[in-house]
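Participant: Give the three-dimensional model of this entry:
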Amino acid sequence: MNKTVVKTMEILKLFIDHERLTLQEMVELLQMPKTSVYRMAQSLVELGFLHKTNDYYQLGLTLLSFGMLVAERLDLRQIALPIMQQLKEDTKEAVNLVIRDGDEAIYIEKVDTSEPVRVYTKVGRRAPLYAGACPRILLTFMERDEQQRYIDRVQLVKIAKNTIVQRDTLRDRIEQDRKRQYTVSYSELEDYSAAIAVPIFNHEGKAAAGLSVAGPEHRFSPEAIERMVPMLKQAAQQISTQLGFSRKG
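Facilitator: Numbers count the residues shown, from 1 in each chain. Alright, predicted model coming up:
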């Protein structure tokens with residue numbers, strides 16, 4: 001690789017862990033000659049990749065523009081599909097991907113199970129955010145103020161035999177699920193169906209989507225859930241990472 005490009009990248013990488021640095025601090029961290037660091041830093045300032053205020057350098061707005069373009073052009077479905085296919089192989093259950101659309105969740109991708117008994121779901125299906133594991137995971141990780149406003153105004157309608165229709169019950173369930181980082185539902189959107197869901201986070205650390213495995217209730221025993229949750233979380237983490245999510249950030 002081109003040495004100048006590599007060294008330039010090393011300078012930029014310093015600002016992953018440091019909000020701002022002086023020239024001397026960069027020199028000490030990189031263990032490079034001061035004149036070389038100065039020339040590269042000044043070039044990065046001229047290009048807008050770094051910004052200098054008094055004696056301090058920090059990341060410039062050009063990088064923000066590039067980052068926003070990358071985030072906008074990432075195709076969630078394209079990233080998620082191969083991971084979903086592998087999750088289906090691992091769990092033997094259907095896998096669904098949902099995103100929020102106002103006060104509803106919309107199913108944007110699915111991978112059907114090969115099992116003869118399955119739960120019917122189709123791309124384009126909509127569901128209220130309070131009902132079912134996959135829609136409710138979006139509500140669970142919504143910003144707190146917005147979440148509270150939603151719960152206060154939404155009409156909780158019974159869709160299936162176990163749909164949550166009490167606000168206090170919904171709040172309690174959300175708190176429990178937020179702590180354990182996943183949610184489970186039994187017969188909330190469709191009788192005798194079950195699902196487990198986890199959040200997918202974007203580059204801003206916000207829940208951008210929900211990922212679930214779903215099937216008939218009899219295949220979702222406590223033992224089965226304990227087995228599938230780590231697989232589901234790992235798959236969601238893979239997708240989140242490709243969307244730019246970093247737990248450190």
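Participant: Helices of the protein, start to end?
Facilitator: Assigned by DSSP state H, the helices in the chain fall at 3-17, 23-30, 34-47, 61-73, 76-91, 133-140, 144-153, 167-180, 222-242.
Participant: pLDDT weak spots in this protein?
Facilitator: Applying pLDDT under 70 to the chain picks out residues 1, 68-74, 115-120, 248-249.
Participant: list the contacts for the residue sitting furthest away from the middle of it?
Facilitator: Computed with Cα atoms, centre = their mean, the maximum C-alpha offset from the centroid of the chain is found at residue 35, amounting to 42.1 Å. By Cβ atoms under 8 Å, 6 or more residues apart in numbering, residue 35 lies in contact with nothing. C-betas here are computed from N, CA, C, even on glycine.
Participant: From residue 239, how far off is the residue positioned nearest the centre of the chain?
Facilitator: Residue closest to the average C-alpha location in the chain (Cα atoms, centre = their mean): residue 201, at 1.6 Å. According to Cβ to Cβ, to the nearest Å, residue 201 and residue 239 sit 9 Å apart.
Participant: And for residue 81?
Facilitator: Here residue 81 is placed at a distance of 10 Å from residue 239 (Cβ to Cβ).
Participant: what's the answer for residue 150, then?
Facilitator: For residue 150 relative to residue 239 (Cβ to Cβ), the value is 25 Å.
Participant: okay, the two: which has more neighbours?
Facilitator: Per other Cβ atoms under 10 Å, whichever of residue 150 and residue 239 has more neighbours is residue 239, with 24 against 16.
Participant: if I pick the more buried one, what's in contact with it?
Facilitator: Residues counted as contacts of residue 239 (Cβ under 8 Å, 6+ apart) are 76, 79, 80, 83, 200, 209, 211.
Participant: what about burial for the residues you listed, which qualify?
Facilitator: The neighbour-count test (16 or more other Cβ atoms under 10 Å) applied to the contacts of residue 239 identifies 76, 79, 80, 83, 200, 209, 211 as buried.
Participant: could the residues you listed go into CSV alongside distance to residue 154?
Facilitator: Below are the buried ones among the contacts of residue 239 laid out as CSV (distance: Cβ to Cβ, whole Å):
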residue, distance to residue 154
76, 25
79, 30
80, 27
83, 31
200, 23
209, 20
211, 23
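Participant: Let me see the backbone angles for the spatially closest residue to residue 107 that is not a sequence neighbour.
Facilitator: Using Cβ to Cβ, 6 or more residues apart in numbering and skipping the chain neighbours, the partner closest in space to residue 107 is residue 125 (4.5 Å). The phi/psi pair for residue 125 (degrees, to the nearest 10) reads phi -60, psi 140.
Participant: State the distance from residue 83 to residue 148.
Facilitator: 32 Å.
Participant: cool, residue 139 as well?
Facilitator: The value you get for residue 139 to residue 148, if Cβ to Cβ is used, is 11 Å.
Participant: More neighbours: which of the two?
Facilitator: residue 139 (26 against 12).
Participant: Next up, the contacts around the more buried one.
Facilitator: Residue 139 makes contacts with 129, 130, 147, 150, 174, as judged by Cβ under 8 Å, 6+ apart.
Participant: wait, what's in contact with residue 7?
Facilitator: 30, 32, 36, 40.
Participant: nope, residue 152 is what I meant
Facilitator: So residue 152 contacts residue 167 (Cβ under 8 Å, 6+ apart).
Participant: can you list the domain ranges for this protein.
Facilitator: The record's domain split for the chain, according to automatic domain parsing, is 3-70, 74-242.
Participant: Tell me which of these is the most buried.
Facilitator: Mean neighbours per residue, mean count of other Cβ atoms under 10 Å, is largest over those for domain 74-242, with a mean of 18.
Participant: how distant is that one from the center of its chain?
Facilitator: 12 Å (Cα atoms, centre = their mean, to the nearest Å).
Participant: Next, the contact list for the closest residue to residue 38 other than its chain neighbours, please.
Facilitator: Spatial nearest neighbour of residue 38, chain neighbours left out: residue 23 (6.0 Å); criterion: Cβ to Cβ, 6+ apart. Counting by Cβ under 8 Å, 6+ apart, residue 23 touches 34, 37, 38, 41, 55, 57.
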